[in-house]
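Enquirer: mind looking at a prediction? Sequence and model below.
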Protein chains: 2
Amino acid sequence: MSVAQTLDSNTATPTPPARSAGSGSRTHKIWSNMHDVCNLLRIPSGTFVGDDDQHFQHVQFKAGQRIHTAGQPFDMLYIVNCGFLKSVMIDEFGNEQILSFPMKGDLFGIDGIHTKKYTSEAVALSSCDIILIPFAKFAALGRTNPVLETALYGLMSRELIREQGMITMLGSLTVEARVARFLVSLSERFSAIGYSGKAFNLPMTRREIGNYLGVTLETASRTLSAFNELGLISVDQRSIYIHDINALKTLRRLPPSRARIEQQEKKAAAAAASSSEFIQVAPSAAMREQLAVV
Amino acid sequence: MSVAQTLDSNTATPTPPARSAGSGSRTHKIWSNMHDVCNLLRIPSGTFVGDDDQHFQHVQFKAGQRIHTAGQPFDMLYIVNCGFLKSVMIDEFGNEQILSFPMKGDLFGIDGIHTKKYTSEAVALSSCDIILIPFAKFAALGRTNPVLETALYGLMSRELIREQGMITMLGSLTVEARVARFLVSLSERFSAIGYSGKAFNLPMTRREIGNYLGVTLETASRTLSAFNELGLISVDQRSIYIHDINALKTLRRLPPSRARIEQQEKKAAAAAASSSEFIQVAPSAAMREQLAVV
DNA sequence: CGTTCGGTTGAATGTTATCAATCGCGGTGG
DNA sequence: CCACCGCGATTGATAACATTCAACCGAACG
């Protein structure tokens, strides 16, 4: 049930200066070429004519470190080679809003292009290996390489669509549906990068989940517990096991709380009646039928 | 108090086929050159070397007509020359979410770049004059013209940032703050395109406002009424007059409903005591002080 | 002149935030 | 080694809030 990712504690080094290229003790500094980068980004890569002498630097970050901060001059895009991060926007009132959780293969830093300053900050949630992509260099390559240019426009457009989906989620889905969708999305992304899509550890806290989904940490926690009760998932602290991903995909809202309470009372009564019997491990199909999928 | 924009009824011609270039009776078909386009988009325009033979076609739409629909093959970007529209995303459950209200100078259709199909649809809220920008042509021009290329990346990045702001708004602001921000944003955009920022008509219905802000139409209506009560704005149907834009800018939440009710009772009592007196036209400063700006 | 649509408002209901208490784990320091 | 934090997570009780259902009004349109 446990999973590949090992998370450093978030308590270490709250906010060290960013971009310290050769900082760590053993800096397994690596360089990636264009081919690696295209593979990571899932760009057709195709035939790069003689551009293979282009190299891009890797940098390591520990949990809690910032890759870039809001307002910092923009010159780089970043690609995650491994590890987990959060991208956070801070509005004029100081409200923090998590915009995404970049992981392997994800590009971030795009928001800096317009004003030449990053408008968000990126923070490592675990140990991370990040590839630096100087934007000017990348754009120049695109000018002579139509495939790359198209890919770059496509990546920006894709990010735009992702955010539109985020807006739609926040604007029109119930909390349950948002949490369900969040789990499905994580599952699919883990699968895509070679981890298990059924059993994984959450790289983020309940507070971060809640912030991302536009609710409080308590509501996020309760919703996960509710899914657990219904047998859709098993959750224990950070570890998740997904039992019924289809239910999560189609879930729109949980049965009204009154019905849920009655359901629980029934369960409690049944448990009391047969007190010496097995604990119900896998929840009944009947309970799952309670899901409204209107 | 009424304003320049005149709105056609939304009832006319629900969904006629899009892109009928020479449809209307008097087709005031115009062509724009690169210079006009750059002015509209607020691109430095600068010195376009001999590219001034590039021309872009205008098309007119009436209220209710679609400019493009979700799933339609992508080949164009669109720039609003005049009129008001809404951009709507429809998710897999059929939920509609309004993503933006494009108006003069705004670019839309960017979401089609990635998958070569539009993922959203754009609908005219009033009579509109739209400029067609073939994306391939624009990208090709960018390849030989660094200023234009930078501008195009910048526009996409700007749109990304706008949507991030939208996410932050939906995720972390109260309903009151969202409506306030919506009004401020409209005001600033109207000012930017030469209309009054204090007195204007809303181009959209309460339902559309509510949808955009992630609440029901009733809540949107009530919130506008509350602002009216507090004297921040005057609202009557579609017409808006902004009395205190600073209050709207800094507003985070209204006083708790109990305090508001007591306030109203006080007002009612005062009105009853001096029943034959003037109706209180401009609300008291005391009432406005009730705004929590923590 | 009736019908439809957009808008407003009230009352009841359901949902979420807030406040608070508890638990368990991992680290630190005595 | 163990006691003692501090933090993340869970859960309960209450208050605040938004939605829903419903009624009503007025303007636009056929």
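Expert: Everything's here; your move.

Enquirer: what sits against the spatially closest residue to residue A:223 that is not a sequence neighbour?
Expert: Among residues not flanking residue A:223 along the chain, residue A:179 sits closest, at 4.4 Å (Cβ to Cβ, 6 or more residues apart in numbering or on different chains). For the C-beta atoms, the positions are set from N, CA and C on the backbone; glycine is no exception. Taking Cβ atoms under 8 Å, 6 or more residues apart in numbering or on different chains, we find residue A:179 in contact with A:209, A:213, A:220, A:223, A:224, A:227.

Enquirer: so what's the residue count around the last one?
Expert: By other Cβ atoms under 10 Å in any protein chain shown, 25 other residues sit near residue A:227.

Enquirer: wait, doesn't it sit right on residue A:233?
Expert: Yes - judged on Cβ atoms under 8 Å, residue A:227 makes contact with residue A:233 at a distance of 4.8 Å.

Enquirer: next, show the common contact partners of those two.
Expert: Counting by Cβ under 8 Å, 6+ apart, the residues touching both residue A:227 and residue A:233 are A:183, A:248.

Enquirer: and which of the contacts of residue A:179 is nearest residue B:66?
Expert: Lowest distance from residue B:66 to the contacts of residue A:179 (Cβ to Cβ) belongs to residue A:213, with 31.6 Å.

Enquirer: now that closest one. Nearest residue, chain neighbours left out?
Expert: The nearest residue in space to residue A:213 (Cβ to Cβ, 6+ apart) is residue A:178, at 4.7 Å.

Enquirer: quickly find the element holding the one you found.
Expert: helix A:175-192 (DSSP states H and E).

Enquirer: quick one, what contacts the spatially most central residue of chain A?
Expert: Centroid-nearest residue in chain A: residue A:101, 3.3 Å away (criterion: Cα atoms, centre = their mean). The contact partners of residue A:101, taken as Cβ under 8 Å, 6+ apart, are A:84, A:85, A:86, A:87, A:125, A:203, A:204, A:212.

Enquirer: count the neighbours of residue A:135 for me.
Expert: Residues near residue A:135, counting by other Cβ under 10 Å: 18.

Enquirer: what of residue A:237?
Expert: 8.

Enquirer: look up how far DNA strand C lies from it.
Expert: For residue A:237, the distance to DNA strand C (Cβ to the nearest atom of the strand, to the nearest Å) stands at 7 Å.

Enquirer: per-residue pLDDT, that residue?
Expert: Note for residue A:237: predicted pLDDT of 94.

Enquirer: then residue A:263?
Expert: Per-residue confidence (pLDDT) for residue A:263: 53.

Enquirer: what's the answer for the one 3 residues further on, then?
Expert: On pLDDT, residue A:266 comes in at 53.

Enquirer: same thing with residue A:123?
Expert: 97.

Enquirer: next up, the contacts around it.
Expert: A:64, A:65, A:66, A:67, A:85, A:86, A:88.

Enquirer: restricted to helices, list these.
Expert: Nothing among the contacts of residue A:123 maps onto helices, per DSSP state H.

Enquirer: buried subset of the residues you listed as a ChimeraX selection?
Expert: Applying 16 or more other Cβ atoms under 10 Å in any protein chain shown to those, the buried members can be selected in ChimeraX as follows:
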select /A:64,65,66,67,85,86,88
